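*Asks:* here are the coordinates; sequence isn't available:
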């Protein structure tokens, strides 16, 4: 006897519905066991059943000379302390609103127009990266988060960065010739 039909047979098109159906059949057997588990194991099971994640944003900020702004973040490991202006979006923000706020908080720059260029994710973090133009040359740093800044040639950056930031930078550099005058 099959408890669950194949998703195509049952008309299930959403992975969440499949998880709910499986969980529905397991609850009578699992509940007494789960109740006796230590909290850390119950929490791990809940994370599998109800996945959550953080939404991050980052920006490849270019100055009029087409140099990219890199920041050295205070709380990151020295192996990848440098990176693009970035952060997590707040509840109710869109990614575009989040990157405008983050760039302004970290550098004092206001972004007029942003173009999404890259999405990166791992188990718990989804990051959306944008390409943007800034008019200033010297950022006003938020010193409690950022310690240094540098304008670098985007094609030859050698500073240690997280792999998601490197991938976004490579993607943005690849788009520059195609965007031409339409660059923000």
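*Replies:* Nice, I can see it. Remember, it's a predicted structure, so these values are computed and weren't measured experimentally.
*Asks:* Next, give phi and psi for residue 101.
*Replies:* Residue 101 adopts backbone torsions of phi -70, psi -50, taken as degrees, to the nearest 10.
*Asks:* nearest residue to the residue nearest the centre of the chain other than its sequence neighbours?
*Replies:* The C-alpha lying nearest the average C-alpha coordinate of the chain belongs to residue 127 (Cα atoms, centre = their mean; 1.5 Å). Counting by Cβ to Cβ, 6 or more residues apart in numbering, residue 127 lies nearest to residue 56, which is 4.1 Å off, once chain neighbours are set aside. Glycine gets a C-beta too; all of them are placed from N, C-alpha and C.
*Asks:* surely the one you found meets residue 90?
*Replies:* No. The criterion here is Cβ atoms under 8 Å, and residue 56 misses it with residue 90 at 11.5 Å.
*Asks:* neighbour-wise, which of these two wins?
*Replies:* Of the pair residue 56 and residue 90, residue 56 is the one with more neighbours under other Cβ atoms under 10 Å, namely 21 against 11.
*Asks:* is it true that the more buried one lies in a strand?
*Replies:* Yes. Judged by DSSP: H, G, I helix; E, B strand; the rest coil, residue 56 forms part of a strand.
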